[in-house]
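J.: What follows is a predicted structure for the sequence shown.
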Amino acid sequence: MVAGILERWRADAWFQEAVGWIAEAVSSVGAVVTGSPRVVHVRFWSVVLEVSTDHGVMWFKECHPGQGFEPELLAVLADLEPRHFPRPIAVDELTHRMLLPDLGAGRSGGGGGDWSRTLVEMAEVQQRLSLHHGILAAAGLPSLLPEDAPSYVDSLARRLTALPPTHAQHLAGETADQIESRLGHVGDWAGRLAASGVPSTFQHNDASPANTFGPAASAPQWIDVGDAFWSHPFAVLQAPVSMLTGSWPWGPDWRDEHARAIVDPYLAVWGDHASLDSMRELLEPARCLGILHRCESWRRLIDHDGELPDDRSLPNLGDHLLVATGVAAADLR
């Protein structure tokens, strides 16, 4: 699937067909394409084209089938939270395509103060979206709840162990035993999250600076919702805070003063559900859950055709399982 989809997206026949779809989508809103679309990136999870029109720049995206729900999900999120999610100009559910308006510059240049406010708005959005599981699930949003974590880790570890020893994703016996021995630890942190009293909701899973748009003074808008899950909200912190504190991909260290300055305002929004100190104690379990969400996001991309590719350039799923079970990232092979 990985090689095949890249080959298809790089073919001239696909490009010409996409150009025709773009022209129809642009014309549906009374605009005209003014030049050949420019390829921004072709990666195995998506292809993105920049489209110049007489109404400004627009953006075309076709998603990997493993995240094919993204266009419809983004459209539903735009209905529910129009200030925070851009409404696609056009969506094709069969081909997993969408055309988006230009959102301007991202927020990656903002400092910690800007990002603390950004995450406060994320918490407020999550609270409102917690009431809409049915409509989000119908739009394709998958679920990976804390209580699913032990069985998820066990099942995936067994599958990786069964792969041939030379396979890039093979999990060696001693590593599998290490994971198996720590399933109780996974059950412990998962149980603490499940019993926290904080409601399950939309977990963006990649609310990073690269996917967050708008100047600091305006409401943030989020794109790239193909990694998202319905789960415990605090897992949303793992990606942006790791990136903002230089501890990507496995961090952050919640004791870091910069992390605390970003995270504490986010937690304060959930103050009706638990005390600030008790919520801080959930940050490490939420980090582990976030690692599993990243793991499953990668798995549904590279495993969409039912066979994990033997490709050492792809993320190692076993490493994600090890970190989520409490193995220090420094100890990874």
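T.: Structure received.
J.: what's the helix or strand for the closest residue to Val120 other than its chain neighbours?
T.: Excluding the flanking residues, the one nearest Val120 by CB to CB, 6 or more residues apart in numbering is Pro265, at 5.0 Å. The C-beta positions use only the backbone N, C-alpha and C, and glycine is treated the same way. Per DSSP states H and E: Pro265 is located in helix 257-269.
J.: Who are the packing partners of that helix?
T.: Judged by 3 or more CB pairs under 8 Å, 6 or more residues apart in numbering; DSSP states H and E, the packing partners of helix 257-269 are helix 112-129, helix 238-244, helix 276-280.
J.: chain center to the biggest helix by length in the chain: distance?
T.: If you go by DSSP state H, the chain has its longest helix at helix 283-302. Relative to its parent chain, helix 283-302 has a centroid offset of 9 Å by CA atoms, centre = their mean, to the nearest Å.
J.: Output it as PDB, nothing but the C-alphas.
T.: This file holds the C-alpha atoms of helix 283-302, laid out as PDB (Å, rounded to 0.1, in the frame of the first residue of the first chain):
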ATOM      1  CA  LEU A 283      -0.500  13.900  32.600                       C
ATOM      2  CA  GLU A 284       2.000  11.000  32.400                       C
ATOM      3  CA  PRO A 285      -0.800   8.500  31.800                       C
ATOM      4  CA  ALA A 286      -2.200  10.800  29.200                       C
ATOM      5  CA  ARG A 287       1.200  11.000  27.500                       C
ATOM      6  CA  CYS A 288       1.300   7.100  27.400                       C
ATOM      7  CA  LEU A 289      -2.200   7.100  25.900                       C
ATOM      8  CA  GLY A 290      -1.100   9.700  23.300                       C
ATOM      9  CA  ILE A 291       1.800   7.500  22.300                       C
ATOM     10  CA  LEU A 292      -0.700   4.700  21.700                       C
ATOM     11  CA  HIS A 293      -2.800   7.000  19.600                       C
ATOM     12  CA  ARG A 294       0.200   7.900  17.500                       C
ATOM     13  CA  CYS A 295       1.000   4.200  17.200                       C
ATOM     14  CA  GLU A 296      -2.500   3.300  16.000                       C
ATOM     15  CA  SER A 297      -2.600   6.300  13.600                       C
ATOM     16  CA  TRP A 298       0.600   5.000  12.000                       C
ATOM     17  CA  ARG A 299      -0.700   1.400  12.000                       C
ATOM     18  CA  ARG A 300      -3.900   2.300  10.200                       C
ATOM     19  CA  LEU A 301      -1.800   4.000   7.500                       C
ATOM     20  CA  ILE A 302       0.800   1.400   6.900                       C
END
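J.: helices or strands up against it?
T.: Using 3+ CB pairs under 8 Å, 6+ apart, helix 283-302 sits against helix 149-161, helix 183-194, strand 229-231, helix 238-244, helix 317-324.
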